[in-house]
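Chemist: Quick check, what structure comes out for this input:
(one chain, ligands or ions: 2)
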Amino acid sequence: MTSHYDHAQVQEFWQYVWERDDVYTLDSDAEDPTYVLGMFPYTSGTLHMGHIRNYAITDAYARYRRMQGDDVLHPMGWDAFGLPAENAAFERKTDPESWTQACIRRMREELETMGFGYDWSREITTCEPDYYRWNQWLFEQFYEDGLVDYEAATVNWCPDCETVLADAQVEERDGTRVCWRCETPVGRRELDQWFFTITDYAEELYEGLDELEGWPDGVREIQRNWIGRQEGTRITFEVSYDADRDGTDTVDVFSTRPETIYGATYLAVSPGHDLARTLAEADDEVADYVDTVREQAPDEVGFAGIETDATAIHPLTGDELPVYVAGYVLEDVGTGAVMGVPGHNERDHAFALAHDLPIERVIVPEGDSTDSERDEMEPYTGEGTLEGSGEYDSLDSETARERLVEDHDALSEDVTYRLRDWLISRQRYWGTPIPVVHCDDCGPVLVPEDELPVELPEFVRTTGNPLDAAEEWKQTTCPECGGPAERETDTMDTFVDSSWYFLRFLSPELADAPFDTDRANDWLPVDIYVGGEEHAILHLLYTRFFTKALADLGLLEHREPIAELRSQGTVLYDGEKMSSSKGNVVAPEEYGAETTRLFVLSAAHPEQDFEWTANNVRGAYDLQQTLYRMATDFVEEGDTRVERRDHDAYVDREIDRTIAAVTEEYERFRFHRAATEIQELARLLRRYRAYDRPHDEVYRRGLLTLAALIAPMAPHLGEELWNKLRGDGLVVEADWPEPAGDRSAYQLERQLVERTLEDVRDIVDVAAIDEPERIELVCAREWKYRAAELVDEAAPDGDTDAIIEQVRAADDVAADRETVGAFVG
Ligand code: ANZ
Ligand code: ZN
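Modeler: Ligands and ions are numbered 1, 2, ... in the order given. Predicted structure coming up:
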């Protein structure tokens with residue numbers, strides 16, 4: 001049967017033609033191509049529905065831009081390092097390299113089956129020495145630029161993965177801190193670790209968010225909170241301890257309420273603070289307490305603490321204050337030390353009660369002139385008027401803050417950030433070796449540039465870090481003194497790989513630099529980046545950091561990598577996230593790969609979650625069959641006329657209107673609406689043909705328009721229709737359709753609709769209109785979308801009759817509708 005659409009055959013054929021004609025390869029001479037990028041997949045073995053949705057979105061957009069005449073860069077690669085490969089290698093008696101390469105082969109085949117239009121000539125794989133040598137090279141540039149630290153630090157340790165985790169890789173589950181990958185409760189350890197000092201860029205990373213207008217507000221807010229910028233005051237206390245050792249020191253605290261300083265009755269430092277370490281050396285009790293806290297999860301710490309033999313001098317009164325080491329003081333916040341103000345801070349208050357420390361009130365709430373009603377047992381955390389504060393008495397909080405900072409050198413304005421330096425060390429095999437050797441005489445030394453890459457040795461099965469067991473690889477000589485030295489056995493966090501991969505796509509073969517600076521200056525930023533919302537901090541923050549660091553190294557002019565960011569929602573199946581690990585991925589074979597992509601695009605706005613339902617998938621399949629049959633019938637049966645009739649003009653206008661509408665929807669990433677528009681035009685054309693013999697040119701243009709408009713979402717079908725109707729050329733290389741008719745007439749009508757809608761918005765709650773009335777309301781197609789928009793903004797109760805009156809009055813298309821009433825349903 002000729003009119004049956006054999007999706008498998010059609011897919012295979014057009015994929016062959018695209019490859020033969022090399023249609024997706026971007027010419028490297030392109031001046032400023034549109035860079036469309038989906039987050040490259042982790043090589044876990046198989047694509048899940050989230051990937052498919054992600055890549056269907058970028059592919060549709062890339063194809064649309066190409067038809068609009070843009071040069072398009074739409075590359076793909078593999079995020080191929082990481083612990084799962086190592087674990088899989090263990091379980092399956094293979095090695096991470098073979099396992100990863102097998103995953104890549106399978107996943108690439110899956111992507112090809114879907115017919116995504118990638119420039120495969122730019123494929124990159126992060127676990128290959130050609131790629132990771134540049135991680136090492138960049139590490140060395142960063143090192144020389146002062147962006148790398150090597151420090152002993154208490155780190156999050158996953159006992160199951162036997163590795164260190166960055167803060168952002170620790171998740172909170174029912175109050176317990178667990179590993180992001182295996183969900184094992186995370187412990188703590190002290191190790192020498194490598195860090196990228198991302199905190200050097202804290203301010204710029206924070207400030208820059210305001211200008212990232214192409215990014216979702218939600219993602220920007222998550223980054224803001226993560227960076228955690230806070231303005232306050234830094235206060236310096238002098239501290240002395242142990243007469244024998246004759247120790248003196250200063251301890252800075254960070255406070256948002258310096259005006260409470262006269263109420264400070266003790267000083268407390270975190271167990272990780274330098275002073276705590278120093279005191280622990282001479283005081284076993286302090287040492288024991290520090291060790292205990294280190295083993296504890298934050299919620300176990302409570303308000304325990306230990307008094308030390310140190311004393312702090314209050315910088316204003318000269319009083320001696322006791323000094324505590326206390327677990328509630330967080331190492332990572334502010335300066336890791338606080339002045340304890342139990343009268344005005346909840347946590348300090350709880351600590352003071354537990355340790356029998358004085359509680360002093362130095363702020364009186366507004367309008368509270370008598371002391372009698374105040375409950376001394378409760379801290380007052382608000383602002384007010386100062387008392388018991390010497391020359392600052394009776395000033396209000398704000399004025400006092402300003403004066404105090406002006407008057408005393410010990411107080412200065414300060415900004416702190418929650419953001420910590422990026423711990424990149426991983427005690428694992430399957431990652432980029434950190435290009436350092438450790439020499440007894442010279443300390444850590446960089447591997448000379450001409451010896452890069454430091455390649456991974458052969459994989460051996462051991463517990464812990466296989467690199468530690470690779471003796472032959474590990475023993476080397478010091479590049480500085482020539483003496484014996486050991487290689488660093490830590491590898492880099494895989495987020496290093498993904499922090500700059502978008503740059504490698506520009507010149508993937510380049511042998512003497514990670515990327516071509518001139519090209520990067522021309523081609524960046526990435527115009528549109530699509531991926532999962534879970535990357536709002538880690539990946540997307542590191543990427544921004546790398547870009548700024550590269551700019552400061554003179555390797556790049558841009559300081560932000562991504563102009564527009566879109567996150568895609570989740571595909572649900574029976575309410576659960578659809579994923580291969582849950583075993584609920586619906587294989588696309590049933591209706592063909594293209595049905596899957598057409599379905600995921602037409603089911604919902606890209607940012608929304610939606611439910612995978614067999615019925616709706618069937619709908620996407622049927623649409624393909626219908627369009628195919630329309631084209632086949634037309635080509636085979638003809639039966640058109642040449643003379644013009646009245647209602648042809650209406651159809652012409654509907655075609656134009658659909659072009660304009662679909663264009664707008666593609667521009668705004670509303671593929672689901674584009675699909676509805678296309679469907680409605682198809683319906684109209686079917687009625688047109690059923691009503692009378694259609695005008696040959698009008699009908700043909702209608703069908704060709706459908707082929708072109710659907711091609712970005714369903715490219716195989718697009719080619720098939722295009723080929724049937726025209727007999728030559730590829731739709732992937734065709735121009736985007738232009739309205740043929742009088743644009744101004746269309747625009748006038750649109751304006752009228754817009755204007756009436758403004759009125760409508762004022763008087764009615766569209767959501768409250770019941771279904772039949774709404775259908776009437778939206779009799780012109782335009783109305784339906786406008787109405788849907790209004791539903792979103794639903795106003796309180798409105799007068800339904802009035803709105804329908806308004807709508808009728810404005811319905812300029814009514815006349816047309818009468819003419820063609822017989823075929824417009
Ligand atoms: C003295 C003070 C008096 C404070 C007062 C507050 C109220 P929020 O809560 O966001 O304002 N702080 C500073 N560093 C800390 C650390 N490492 N661990 C635990 N707490 C720390 O946070 C700012 C306040 O948190 C700071 O201001 C400090 O206590 C505390 F009536 O200083 B405040
Ligand atoms: Zn040496």
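
Chemist: show me the contacts for the residue of the chain most remote from its centre.
Modeler: The outermost residue of the chain relative to its centre, with distances by Cα atoms, centre = their mean, is Glu643 at 56.2 Å. Going by Cβ atoms under 8 Å, 6 or more residues apart in numbering, Glu643 touches His695. C-betas here are computed from N, CA, C, even on glycine.

Chemist: Tyr150 now?
Modeler: 192-195, 444.

Chemist: returning to what we had before: now do the phi/psi pair for the residue farthest from the centre of the chain.
Modeler: phi -80, psi 150 (degrees, to the nearest 10).

Chemist: mind listing what the residue nearest to Gly305 when sequence neighbours are not counted touches?
Modeler: Nearest non-adjacent residue to Gly305, counting by Cβ to Cβ, 6 or more residues apart in numbering: Ala326, 3.4 Å away. Neighbour list for Ala326: 268-271, 303-306, 351 [criterion: Cβ under 8 Å, 6+ apart].

Chemist: sec struct for the closest residue to ligand 2 within the stretch 1-150 of the chain, please.
Modeler: Closest contact between the stretch 1-150 of the chain and ligand 2, by Cβ to the ion, is at Tyr150 (15.3 Å). Using DSSP: H, G, I helix; E, B strand; the rest coil, the structure places Tyr150 in strand.

Chemist: Is it bridged to anything, and to what?
Modeler: Taking DSSP bridges as the rule, Tyr150 bridges to Trp194.

Chemist: Next: Glu307.
Modeler: Beta-bridge partners of Glu307, as defined by DSSP bridges: Tyr324.

Chemist: wait, doesn't it sit right on Phe351?
Modeler: No - counting by Cβ atoms under 8 Å, Glu307 sits too far from Phe351 to count as a contact (11.4 Å).

Chemist: one step back: what's the closest of the contacts of Tyr150 to ligand 2?
Modeler: Pro444 (9.7 Å).

Chemist: Show me what from the protein comes close to ligand 2.
Modeler: With Cβ under 5 Å from the ion as the criterion, the chain comes near ligand 2 at residues 439, 441-442, 478, 480-481.

Chemist: Flag every buried residue along whichever strand or helix holds Val253.
Modeler: Secondary structure assignment for Val253, by DSSP states H and E: strand 247-255. For strand 247-255, a neighbour-count test (16 or more other Cβ atoms under 10 Å) marks 247, 251, 253-255 as buried.

Chemist: picking that back up, could you list which of the contacts of Ala326 also contact ligand 1?
Modeler: Ser270 (Cβ under 6 Å from any ligand atom).

Chemist: Neighbour-wise, give me the winner out of the contacts of Ala326.
Modeler: When neighbours are counted by other Cβ atoms under 10 Å, Ala268 leads the contacts of Ala326 with 30 neighbours.

Chemist: and that one, which of the three is it?
Modeler: strand.

Chemist: Model confidence score at it, please.
Modeler: pLDDT recorded at Ala268 is 98.

Chemist: Could you list the low-confidence segments of this protein?
Modeler: Judged by pLDDT under 70, the chain has its weakly predicted residues at 1-3, 243-245, 298, 368-377, 463, 575, 578-590, 742-825.

Chemist: Residue numbers of it in contact with ligand 1?
Modeler: So the chain meets ligand 1 at 254-257, 260, 270, 329-330, 333-334, 336, 338-339, 341, 344-345 (Cβ under 6 Å from any ligand atom).

Chemist: wait, which of the buried residues of strand 247-255 is closest to ligand 1?
Modeler: Ser255 (3.1 Å; Cβ to the nearest ligand atom).

Chemist: thinking again about what came up before, going by distance to His558, which of the buried residues of strand 247-255 wins?
Modeler: Nearest to His558, judged by Cβ to Cβ, of those is Phe254 at 33.5 Å.

Chemist: quick one, what contacts the nearest residue to that closest one once chain neighbours are set aside?
Modeler: Once flanking residues are discounted, Phe254 sits nearest to Gly334: 3.0 Å by Cβ to Cβ, 6+ apart. Going by Cβ under 8 Å, 6+ apart, Gly334 touches 232, 253-255, 416.

Chemist: same deal with Asn615?
Modeler: Per Cβ under 8 Å, 6+ apart, neighbours of Asn615: none.

Chemist: what's the neighbour count on Cys422?
Modeler: If you look again at residue 422, you'll see it is Trp, not Cys. Count around Trp422 with other Cβ under 10 Å applied: 24.

Chemist: whoops, Arg92 was the one
Modeler: Counted with other Cβ under 10 Å, Arg92 comes out at 11.

Chemist: my guess is it meets Trp99, correct?
Modeler: Yes - Arg92 is within contact range of Trp99, at 6.7 Å (criterion: Cβ under 8 Å).

Chemist: in this structure, which helix has the most residues?
Modeler: helix 614-637 (DSSP state H).

Chemist: so how far is the helix or strand harbouring Leu353 from its chain's centroid?
Modeler: Assigned by DSSP H and E, Leu353 falls within helix 346-355. Relative to its parent chain, helix 346-355 has a centroid offset of 40 Å by Cα atoms, centre = their mean, to the nearest Å.

Chemist: For it, buried residues please.
Modeler: In helix 346-355, counting by 16+ other Cβ under 10 Å, buried: 347-349, 351-352, 355.

Chemist: number of nearby residues for the residue nearest to Glu211 when sequence neighbours are not counted?
Modeler: Closest residue in space to Glu211, ignoring its immediate chain neighbours: Glu560 at 7.8 Å, by Cβ to Cβ, 6+ apart. Residues contacting Glu560 under the criterion other Cβ under 10 Å number 21.

Chemist: ok, Glu560 to ligand 1 distance?
Modeler: As judged by Cβ to the nearest ligand atom, to the nearest Å, Glu560 and ligand 1 stand 28 Å apart.

Chemist: on that earlier part again, using PyMOL, define a selection of the buried residues within the residues of the chain next to ligand 1.
Modeler: A single PyMOL command selects the buried members of the residues of the chain next to ligand 1 (16+ other Cβ under 10 Å):
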select buried, resi 254+255+257+260+270+329+333+334+336+338+339+341+344+345
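
Chemist: For ligand 2, state which of the residues of the chain next to ligand 1 is nearest.
Modeler: Ligand 2 has its nearest neighbour among these in Gly336, at 33.9 Å by Cβ to the ion.
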